[in-house]
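Novice: predicted coordinates and the sequence they were generated for:
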Amino acid sequence: MTHEPGLDALPREEFAFPGPLRDRLVAAILDGRKTATTGLLRAYEVEEEPLPEVGRRAVVVNSEERPVAVIEVVAVRVVPLGEVDTAHAVDEGEGHTTLAEWRAAHERFWHGDELRRLLGDPSFTVEDSTPVVLERFRLERDLRPQAAR
């Protein structure tokens, strides 16, 4: 994965699917705007992926699957979607200033064909009671070459 000692042992962290959305999210992590993310508990279950734990470090990859950063989880909560607060929404760094904007953007993603395929449910929808995983993290290290920063 990388040529830096120790990084190959870290898990990979992928934000969204490869493409423009991932590119925007990774850019927001690298410039410090994005310090939180929200995932569906169901997606963790379907992928048989353990929930993130405080202290977990991971290598963020871009759309080309190249390592660009190391992040460390600083907080994790599982809550119903209806309990996500504005502070979390803003800390996701996507420019949303209201919960309504944040929720609409996330519903577009969660109701999209790619995620529905991943979940194996072509009619999947979320509601206020849908469990979500709220993760807060810090940028530990920018792995891009100096010239790319």
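Specialist: Noted; the coordinates are in hand.

Novice: every contact and neighbour count from this point should use C-alpha atoms.
Specialist: Noted.

Novice: what ranges do the helices span in this protein?
Specialist: Here the chain has its helices, by DSSP state H, at 20-30, 41-46, 86-91, 99-110, 113-119.

Novice: nearest to Val61, of the ones you listed?
Specialist: Closest to Val61 of the helices of the chain is helix 20-30 (C-alpha to C-alpha; 7.9 Å).

Novice: can you list contacts of that closest one?
Specialist: Helix 20-30 is contacted by residues 14-16, 34-35, 60-63, 69, 93-94, 139, 142 when judged by C-alpha atoms under 8 Å, 6 or more residues apart in numbering.

Novice: and Pro18, its phi and psi?
Specialist: phi -50, psi 140 (degrees, to the nearest 10).

Novice: OK, contacts around it?
Specialist: 62-64.

Novice: in CSV: the helices of the chain, plus mean pLDDT, distance to Arg56 and mean neighbour count.
Specialist: CSV is the format used below for the helices of the chain (pLDDT from 0 to 100; distance: least, C-alpha to C-alpha, whole Å; neighbours: other C-alpha atoms under 10 Å):
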stretch, mean pLDDT, distance to Arg56, mean neighbour count
helix 20-30, 96, 16, 18
helix 41-46, 97, 16, 15
helix 86-91, 96, 19, 18
helix 99-110, 96, 24, 15
helix 113-119, 96, 24, 15
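
Novice: how about the strands of this structure, start to end?
Specialist: All strands of the chain, identified by DSSP state E, fall at 12-13, 36-40, 57-61, 67-80, 131-142.

Novice: and the angle from the third one to helix 20-30?
Specialist: An angle of 130 degrees separates the directions of strand 57-61 and helix 20-30 when computed by axes from the mean of the first three to the mean of the last three C-alpha atoms, to 10 degrees.
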